[in-house]
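*Asks:* The following comprises the amino acid sequence and a computationally predicted model.
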Amino acid sequence: METDLRALAKVQKWYGPHSSTAAAWPVDTLNRAKGNTTVSVVLPAHNEESTVGDIVTAIRRDLVERAPLVDEVLVVDSRSTDATAERARETGARVVAQDEVLPHLPPLAGKGEALWKGLAASHGDVVVFVDADLRSFGAHYVSGLLGPLLTDPGIQFVKAAYERPYTGEDGVVRRGAGGRVTELVARPLLNMFWPELAGFAQPLGGEYAARRQALERVPFVTEYGVEFGLLVDLLQLVGLDAMAQVDLGHRTHTHQPIDALGRMAGQIMQTAWSRLERQGRVLAPASPAHTLLQFGLEGRADLVDVAVAERPPLASLVLEEDMA
């Protein structure tokens with residue numbers, strides 16, 4: 001109990017100075033603070049032709065043309081079978097195919113793979129990640145995340161916070177009902193094992209920014225555990241005081257069906273387990289099973305694999321290639 005209270009006190013001390021809103025970071029102020037720092041915005045995209053163009057257009061209009069805050073907008077086409085790449089290119093993004101980045105490496109699947117390849121293909125000193133399926137996007141998503149990084153050299157990582165409404169099949173919007181895997185899996189895990197991170201409102205959100213030097217020193221889980229893994233690994237690398245969060249308002253996007261959320265939850269639990277093992281906090285004679293038996297409405301059973309692969313820190317890969 002005493003340990004829990006100490007952890008809570010640490011979170012409370014961190015929360016105020018390290019939490020802000022997007023409105024606190026006007027673009028003009030950030031342009032003056034930017035100096036010679038370069039900024040890349042990276043969007044991992046798989047079959048997002050209906051939304052990716054609007055997001056790229058908003059970034060280029062407000063943060064490239066009206067104000068020179070962003071230096072590069074990069075879309076990583078993650079094996080799309082629709083017109084995602086064409087829409088992104090038409091609206092001014094640089095587009096790279098996921099499997100054409102570092103092509104000498106065996107290809108892997110998943111969102112984290114697209115993020116890692118985007119980090120490798122981009123050039124900015126600061127990298128902002130934005131999901132390509134957002135239906136509520138505004139340029140303040142990017143400028144808000146950049147605020148703490150461009151004005152405080154001690155900040156290494158900034159995570160978005162927002163309200164996540166849920167729109168049911170009946171069309172009714174329920175405020176605050178989104179982020180189901182966050183509330184049922186990620187938040188309990190963080191409070192149990194990494195309580196310092198309990199103050200992050202949206203630990204699984206897909207919008208965050210960080211200094212390249214920090215991102216290149218941590219591994220990337222290739223599946224949906226990537227955001228959980230980055231949060232835990234960056235805590236260990238840079239410490240809580242180098243992390244911040246910015247409230248961007250609200251976030252709407254395409255909702256996943258319940259079976260997909262089950263697979264996502266399994267991947268996050270696998271990611272948490274691997275971090276506990278790596279930190280020497282659990283000892284087990286065998287790794288946990290990585291299969292998940294799911295049942296459909298008709299009683300049909302499907303056995304799915306929720307194992308997660310992992311890309312090494314990009315800096316270690318570059319070092320190995322330089323030495324070869």
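*Replies:* Yep, that arrived.

*Asks:* And the strands in the stretch 151-300 of the chain?
*Replies:* In the stretch 151-300 of the chain, the segments counted as strands under DSSP state E, counting those that start in this stretch are 157-163, 166-167, 173-174, 208-211, 220-221, 243-250, 291-295.

*Asks:* Would you mind telling me which of these is nearest Ala284?
*Replies:* Ala284 lies closest to strand 291-295 among these, at 17.0 Å (CB to CB). For every residue, glycine as well, the C-beta is placed using N, CA and C.

*Asks:* Which strands and helices lie in contact with that closest one?
*Replies:* The criterion is 3 or more CB pairs under 8 Å, 6 or more residues apart in numbering; DSSP states H and E, and the helices and strands that strand 291-295 contacts are helix 258-278, strand 301-305.

*Asks:* re earlier: winner for burial among the strands of the stretch 151-300 of the chain?
*Replies:* Comparing the strands of the stretch 151-300 of the chain by mean neighbour count (mean count of other CB atoms under 10 Å), strand 220-221 ranks first with a mean of 28.

*Asks:* Would you reformat the helices and strands packed on strand 291-295 as JSON lines and include distance to Ala186 and mean neighbour count?
*Replies:* Listed next are these as JSON lines, based on distance: least, CB to CB, whole Å; neighbours: other CB atoms under 10 Å:
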{"stretch": "helix 258-278", "distance to Ala186": "6", "mean neighbour count": "19"}
{"stretch": "strand 301-305", "distance to Ala186": "20", "mean neighbour count": "10"}
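
*Asks:* How about the helix or strand hosting Val96, which residues are buried there?
*Replies:* According to DSSP states H and E, Val96 maps onto strand 94-97. Neighbour counts over strand 94-97 (16 or more other CB atoms under 10 Å) mark Arg94, Val95, Val96 as buried.

*Asks:* Give me the angle between the helix or strand following that strand and helix 258-278.
*Replies:* Once the chain leaves strand 94-97, the next helix or strand it forms, by DSSP H and E, is helix 111-121. Helix 111-121 runs at 60 degrees relative to helix 258-278, counting by axes from the mean of the first three to the mean of the last three CA atoms, to 10 degrees.

*Asks:* Just the CA atoms of helix 111-121, as CSV, please.
*Replies:* As requested, the backbone C-alpha atoms of helix 111-121 are provided in CSV (Å, rounded to 0.1, in the frame of the first residue of the first chain):
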residue,chain,number,x,y,z
LYS,A,111,1.3,-1.3,-37.5
GLY,A,112,4.5,-1.2,-35.6
GLU,A,113,6.4,-2.4,-38.6
ALA,A,114,5.0,0.6,-40.6
LEU,A,115,6.0,3.0,-37.8
TRP,A,116,9.5,1.6,-37.6
LYS,A,117,9.9,1.8,-41.4
GLY,A,118,8.6,5.3,-41.3
LEU,A,119,11.2,6.3,-38.7
ALA,A,120,13.9,4.8,-40.9
ALA,A,121,12.6,6.6,-44.1
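
*Asks:* So what touches the strand holding Val96?
*Replies:* Strand 94-97 has contacts (CB atoms under 8 Å, 6 or more residues apart in numbering) with Glu72, Val73, Leu74, Val75, Val76, Asp77, Ala85, Ala88, Arg89, Lys117, Gly118, Ala121.

*Asks:* Closest to Ala9 out of these?
*Replies:* Closest to Ala9, out of all of the contacts of strand 94-97 and judged by CB to CB, is Gly118, at 37.3 Å.

*Asks:* Next, the closest residue to the closest one other than its chain neighbours: phi, psi?
*Replies:* With sequence-adjacent residues excluded and distances taken as CB to CB, 6 or more residues apart in numbering, Gly118 is closest to Val42, at 3.8 Å. Backbone torsions of Val42, given as degrees, to the nearest 10, read phi -120, psi 130.

*Asks:* can you give me the helices in the chain?
*Replies:* Using DSSP state H, the helices assigned to the chain run over residues 2-18, 27-34, 52-60, 84-90, 111-121, 140-151, 180-181, 187-193, 212-215, 226-238, 258-278, 314-323.

*Asks:* Select from those helices the stretch with the lowest mean pLDDT.
*Replies:* Comparing mean pLDDT across these, the weakest is helix 314-323, with a mean of 73.

*Asks:* How about Leu215: what's its closest non-neighbour residue?
*Replies:* Leu119 (5.6 Å).

*Asks:* what number of residues lie near that neighbour?
*Replies:* By other CB atoms under 10 Å, 23 other residues sit near Leu119.

*Asks:* these two touch, right, Leu43 and Leu74?
*Replies:* Yes: contact criterion CB atoms under 8 Å: Leu43 and Leu74 qualify, at 7.2 Å.

*Asks:* Touching both of those two, which residues are there?
*Replies:* Common neighbours of Leu43 and Leu74 (CB under 8 Å, 6+ apart) are Ala93, Gly118.
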